[in-house]
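Student: here's a sequence, model it:
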Amino acid sequence: MNIVLHEPEIPANTGNIGRTCVATGTKLHLIEPLGFRIGEKELKRAGLDYWEHLDYECYSDYQDFLSKNPHAKIYMATTKAHRTYAEVSFGMDDYIMFGKESAGIPEELLVDNEEYCIRIPMLSEIRSLNLSNAVSIVLYEALRQNHFVNFQTEGELHRLHWKEYQIEAHKFDH
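Tutor: Numbering: from 1, shown residues only. The predicted structure follows:
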């Protein structure tokens, strides 16, 4: 998968998104201008020690991004879309674009890509979700649709083992 941030402004959001991208094997595409420098401590702090493992690329503008990704199927996440992210079928090589925190994706881009615009349903009283939360919601739906290929889908306890725990728990049921 590919996450595209169009002119992100807040380093902590981009850092959190970077960490999510590392956890999911997703490439992060950053379209300038950015509201921060890549080396800022807030960005690294939000991404913790994962930033060095992030597969990312920066672009001077949207046209630069398009020229370097000419065959990209780009979904555009926006509160202005007619359909939800759950109504589309994501492929593993798709791109999901999100706009800057203060304004979203420019309407000039949206109007030319209406069929690829998607939204996260929410109550009308709120303008939008936090950018890093929105990325996580849509990205994980796309990954779910693709059966979490190559993901670890089961966890283990640190001190106990599930089967032992289940046996111990039944002792207290009687």
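
Student: from now on I want contacts and neighbour counts done on CA atoms only, so please keep to that.
Tutor: Fine.

Student: quick check: Asp64 is in a helix.
Tutor: Yes: assigned with DSSP: H, G, I helix; E, B strand; the rest coil, Asp64 falls within a helix.

Student: so, low pLDDT: which residues of the chain?
Tutor: By pLDDT under 70, the low-scoring segments of the chain are 40-49, 164-174.

Student: now with 50?
Tutor: Across the chain, nothing is flagged by pLDDT under 50.

Student: which residue is nearest the middle of it?
Tutor: Val135 (3.1 Å; Cα atoms, centre = their mean).

Student: excluding chain neighbours, what is closest to that residue?
Tutor: Leaving aside its chain neighbours, Val135 sits nearest to Ile17 (7.0 Å; criterion: Cα to Cα, 6 or more residues apart in numbering).

Student: tell me which element that neighbour falls in.
Tutor: Applying DSSP states H and E as the criterion places Ile17 in helix 11-24.

Student: ok, back up a step: the residue nearest to the centre of the chain falls within a strand, correct?
Tutor: No: using three-state DSSP, the assignment for Val135 is helix, not a strand.

Student: which stretches of the chain form helices?
Tutor: With DSSP state H, the ranges of helices along the chain come out as 11-24, 41-47, 62-68, 107-111, 131-145, 162-173.

Student: thought the residue nearest to Val135 was touching Ile137?
Tutor: No: between Ile17 and Ile137 there is no contact under Cα atoms under 8 Å: 11.3 Å.

Student: with neighbour numbers in mind, choose between these two.
Tutor: Taking other Cα atoms under 10 Å, Ile17 and Ile137 do not tie; Ile17 has more neighbours (25 against 13).

Student: distance of that one relative to Ile31?
Tutor: Using Cα to Cα, to the nearest Å, Ile17 is found at 14 Å from Ile31.

Student: one more: Thr153?
Tutor: Relative to Ile31, Thr153 is positioned 32 Å away (Cα to Cα).

Student: without its sequence neighbours, what residue ends up closest to His119?
Tutor: Not His; residue 119 is Arg. Thr84 is the one closest to Arg119 (Cα to Cα, 6+ apart), at 4.6 Å.

Student: any idea how far that neighbour lies from Ile137?
Tutor: 12 Å.

Student: endpoint to endpoint, stretch 117-136 covers what distance?
Tutor: 17 Å.

Student: nope, stretch 104-118 is what I meant
Tutor: Stretch 104-118: ends 13 Å apart by Cα to Cα.

Student: one step back: right, and the residue nearest to the centre of the chain touches Gly18 too?
Tutor: No: when contacts are counted by Cα under 8 Å, Val135 is not listed as touching Gly18 (10.3 Å).

Student: okay, now Pro8: neighbour count?
Tutor: Residues near Pro8, counting by other Cα under 10 Å, number 24.
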